[in-house]
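Asks: Sequence first, predicted model second:
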Number of protein chains: 2
Amino acid sequence: MKIILDAMSGDNAPKAQVIGGLTAAEKLGVDIILCGNKDIIEKEMAAYKGDTSRITIHHCSEVIENEDDPIRSVRRKPDSSITVGLNLLNEGIGDAFISSGNTGAVIVGSMQILGVIEGISRPALMPVIPTAKGPCALLDSGANAVCTPENLCHFAIMGSYYMNKVMGIENPRVGLINIGAEEKKGTPLTKEAYKLLKEMPINFTGNIEARHIPAGNADVIIADGFTGNIVLKLYEGMGKFLLTKFKDILMSNIKTKIAALLIKGEVGTFKKSMDYKEHGGAPLLGVNKTVIKAHGSSDAKAVVSAVRQAMKAVESNLTEEIKNCVKINE
Amino acid sequence: MKIILDAMSGDNAPKAQVIGGLTAAEKLGVDIILCGNKDIIEKEMAAYKGDTSRITIHHCSEVIENEDDPIRSVRRKPDSSITVGLNLLNEGIGDAFISSGNTGAVIVGSMQILGVIEGISRPALMPVIPTAKGPCALLDSGANAVCTPENLCHFAIMGSYYMNKVMGIENPRVGLINIGAEEKKGTPLTKEAYKLLKEMPINFTGNIEARHIPAGNADVIIADGFTGNIVLKLYEGMGKFLLTKFKDILMSNIKTKIAALLIKGEVGTFKKSMDYKEHGGAPLLGVNKTVIKAHGSSDAKAVVSAVRQAMKAVESNLTEEIKNCVKINE
């Protein structure tokens, strides 16, 4: 298997991407193509002491910045690591593409270069969030600010397949995020989507209120991209805020500092369970090949998780499975 | 001043409402009209040892349950504590109405019985959420699942006035909840609302991403009722989830139990700062009189906070201020 990795994008690029890629190649036994400036990548590679035999560098001269307009940048920067990486994937030179860069550019580029699966109305970005009962898929979380009921049904099918095939969850529970449990609650979008979701070949468990998300009441949460993005960001923000507050409490005086030492191990285990770096990135479901959008602030460890996740998605033949499922349900 | 209190609605009614009402009357020096079944209220009152001279009971025979349809129940149960309480308020027999009951019924009843302020397109439910920089108003949080850009502008004016006049915040920072900081991010609703909000006589600080809410980057957060309700519920859910997890950690073994004792005081202070019971209820802004929707799970302490809040709103002449402001901006 060969994974194409955007080495130039992300808050900690190129170091985190290069070291993450090298580590993944060596530890997971996978070929990695690093897309980016050859000189810069080679300089970062020089610091790595392990085996680099599974690494290829594909030089490209441009980088799409976070501030660049997503729609225009893919075409205006044809030699950028995102555009080049997606082209390599499209040509079959690799099996999956990973980027920690401009989310909009990764989405638009994937749609333009790889194309959307026939029968899928819109692709969806699907991060996995930690809950009391394990990881939970949240889609769409930002690819489409405005959605139709049909879009939400396609998200439900794709999310269900992913959680089953890639994450190994039997019969994943699919919930529609809404402002009440009853079928008739919410907006015209959620009301119509509820009706359609009931008829889909998935384990639709009805509406889920936002307050029940952290408890893990669903394995797949369906939302329009505006709502999903807000849930995702608030989830991150609240987690960070409360952990910081907690840390402040533990550091406030000598007594609390002693307490901090006593619970260090337990807090570490909990923090790990809440850490996005453990869960890889967000797959962009619904395009014709495997694309993973890693977190912008990914470190090398998060890049390794994203590579592992891409490998699982490729091994489980996810894209073909989605294609077949859509055909059957037409 | 006279506050009308729905004694029959809420998860802990009538006990919490009656004891909360009696405590508020005695401690805050305010007259309270308790609406509800006279026999039941008198039974609860018998347990109270303090001064009850400021209490009047207004008997009514019906209760709107949480499961009742909000739109129909107000008319179908004309002798319910919500309908009767709102009628008393409308007739000028009291200065404000507080209920911990069916949110939809309180909203619909207030609109039908009290009427919406001329010039305000839709009323909004405005809970206050705790942040790192103090309380923050979130509106609309559920009165209107679907909103227009004009609705959002009215919410901004009303929220600004409330935070200034009732909470004493100078020049409150108003943020529009969105999926990015840039003006052109989001849905057609947020894009159009951004344009209009820039022109309003408020301190509009632009879009606010959900991840920045807990840090306290705004004093007033504007959203359509669907988005606002999801933010509110997730905020509550995440807070509860993380505090429970934290408690589990502290109770996991002898070592952590010792730590728990060492940080007990500090954790208590923090929990208090995050407790909705300290902040009262959610005012329904935009109707012709002061209405407070207290949390469904209010205890007596939360009821006292809601009474204090209603008193402040009446004292600051909030409804008249909003009326005048709308006239000026027409």
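Replies: Sure thing, it's come through.
Asks: wait, does stretch A:4-23 make contact with chain B?
Replies: No. Stretch A:4-23 does not reach chain B (C-beta under 8 Å from any C-beta of the partner chain); its nearest approach is 14.5 Å. C-beta here means a position set from N, CA and C on the backbone, and glycine is covered the same way.
Asks: can you give me the mean pLDDT across that stretch?
Replies: For stretch A:4-23, mean pLDDT rounds to 96.
Asks: From one end of that stretch to the other, what's the distance?
Replies: Terminal residues of stretch A:4-23 are spaced 14 Å apart (C-alpha to C-alpha, to the nearest Å).
Asks: what does the stretch 51-200 of chain A put close to chain B?
Replies: So the stretch 51-200 of chain A meets chain B at A:132, A:142, A:145-146, A:177, A:179, A:186-188 (C-beta under 8 Å from any C-beta).
Asks: Can you tell me which of those are classed as buried?
Replies: A:142, A:145, A:177, A:179, A:186-187 (16 or more other C-beta atoms under 10 Å in any protein chain shown).
Asks: can you put these in a markdown table and add pLDDT, distance to A:A13 and secondary structure?
Replies: Output for those, formatted as a markdown table (pLDDT from 0 to 100; distance: C-beta to C-beta, whole Å; DSSP: H, G, I helix; E, B strand; the rest coil):
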| residue | pLDDT | distance to A:A13 | secondary structure |
| --- | --- | --- | --- |
| A:G142 | 88 | 20 | coil |
| A:A145 | 92 | 27 | coil |
| A:I177 | 98 | 32 | strand |
| A:I179 | 94 | 39 | coil |
| A:G186 | 93 | 40 | coil |
| A:T187 | 95 | 39 | coil |
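Asks: quick one: secondary structure of the closest residue in space to A:S9 that isn't next to it in sequence?
Replies: Spatial nearest neighbour of A:S9, excluding adjacent residues (C-beta to C-beta, 6 or more residues apart in numbering or on different chains): A:G101 at 2.6 Å. For A:G101, the assignment made with DSSP: H, G, I helix; E, B strand; the rest coil gives coil.
Asks: Contact partners for A:G101?
Replies: Counting by C-beta atoms under 8 Å, 6 or more residues apart in numbering or on different chains, A:G101 makes contact with A:6, A:8-10, A:13, A:63-64, A:66, A:81-82, A:296.
Asks: is it fair to say A:F204 lies in a strand?
Replies: Yes. Assessed by three-state DSSP, A:F204 belongs to a strand.
Asks: Please report how far it lies from A:I129.
Replies: From A:F204 across to A:I129, the span is 19 Å (C-beta to C-beta, to the nearest Å).
Asks: Centroid-nearest residue for chain A?
Replies: A:A282 (0.5 Å; C-alpha atoms, centre = their mean).
Asks: tell me which residues form a beta bridge with that one?
Replies: A:K293 (DSSP bridges).
Asks: quick one: it and A:K293 touch, right?
Replies: Yes. Judged on C-beta atoms under 8 Å, A:A282 makes contact with A:K293 at a distance of 4.8 Å.
Asks: Closest residue of the stretch 51-200 of chain A to chain B?
Replies: Nearest to chain B in the stretch 51-200 of chain A, going by C-beta to the nearest C-beta, is A:I179, at a distance of 4.3 Å.
Asks: re earlier: identify the contacts common to A:A282 and A:K293.
Replies: Residues within reach of A:A282 and of A:K293 at once, by C-beta under 8 Å, 6+ apart, are A:L125.
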